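Asks: here is the input, now give the coordinates:
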Amino acid sequence: MTDPTAPAADRRRWLQRLSTLTATACIGAAFALASGLAQADPARELRIGFQKSASLLVLQKAQGTLEKRLAPQGVAVKWVEFPAGPQLLEGLNVGAVDIGYVGEAPPIFAQAAGARFVYAGNDPAAPATEAVVVPRASALTSVADLKGRRIALNKGSNVHYLLVRLLEKNGL
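Replies: Numbers count the residues shown, from 1 in each chain. The predicted structure follows:
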């Protein structure tokens, strides 16, 4: 885990290494899944759900290296973009995608709602990458200032969980 008192450059390098490992694990799982698809049906398509926040998957998509690796096995790759983890998991739940990468909270919310899926891998939580943001000139300066306010968030997302934890921690 990154030390919040470490210099920003050290924290960024740690998060970049973590992101690289996470994307590599996701791509490795996709490759393994596709290999199984190729053996079962040589004209198969691997549908990968992704979010713009998964920057290494976005880079992988742009470079097309996964497509090049799977083409000889007769597996096409289809990238399906979702706005956030909860929607991606719903896509997985209804069969619109075969594999995807989301943060730590959306699977908990999805499984609580009855979604059925299998974890192919995981990575440690990175709470330093999430924050509550307000306009620079806002009168809000602490979590306690949120009492009685409206807050925009994506229901069932990591930021939903972050907000719940912050409100609990601050007795709200």
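
Asks: looking at this protein, which helix or strand does the model trust least?
Replies: When the helices and strands of the chain are scored by mean pLDDT, DSSP states H and E, helix 8-40 comes last with a mean of 52.

Asks: tell me which residues are up against whatever helix or strand P86 lives in.
Replies: Element membership for P86, per DSSP states H and E: helix 85-93. Contacts with helix 85-93, where a contact means Cβ atoms under 8 Å, 6 or more residues apart in numbering, come from 49-51, 80, 82, 97-100, 102-103, 105-107, 109-110, 115-117, 154-158. Glycine gets a C-beta too; all of them are placed from N, C-alpha and C.

Asks: quick revisit: residues of the next helix or strand after the least confident helix or strand of the chain that come out buried?
Replies: The C-terminal neighbour of helix 8-40 among helices and strands, as given by DSSP H and E, is strand 45-50. Using 16 or more other Cβ atoms under 10 Å as the test for burial, strand 45-50 gives L46, R47, I48, G49, F50.

Asks: and strand 45-50, what does it pack onto?
Replies: Secondary structure elements in contact with strand 45-50, counted by 3 or more Cβ pairs under 8 Å, 6 or more residues apart in numbering; DSSP states H and E, are helix 8-40, helix 55-63, strand 76-81, helix 85-93, strand 99-100.

Asks: alpha carbons of that strand, as PDB, please.
Replies: Below are the C-alpha coordinates for strand 45-50, written out as PDB (Å, rounded to 0.1, in the frame of the first residue of the first chain):
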ATOM      1  CA  GLU A  45     -15.700 -13.500 -30.300                       C
ATOM      2  CA  LEU A  46     -14.300 -12.400 -26.900                       C
ATOM      3  CA  ARG A  47     -16.400  -9.400 -25.700                       C
ATOM      4  CA  ILE A  48     -14.400  -7.300 -23.200                       C
ATOM      5  CA  GLY A  49     -16.200  -4.800 -21.100                       C
ATOM      6  CA  PHE A  50     -14.200  -1.700 -20.200                       C
END
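
Asks: ok, that strand: who's next to it in the sheet?
Replies: strand 76-81 (parallel), strand 99-100 (parallel) (DSSP bridges).

Asks: return the most buried member of these.
Replies: Among the strands paired with strand 45-50, judged by mean count of other Cβ atoms under 10 Å, the one packed with the most neighbours on average is strand 99-100 (a mean of 23).
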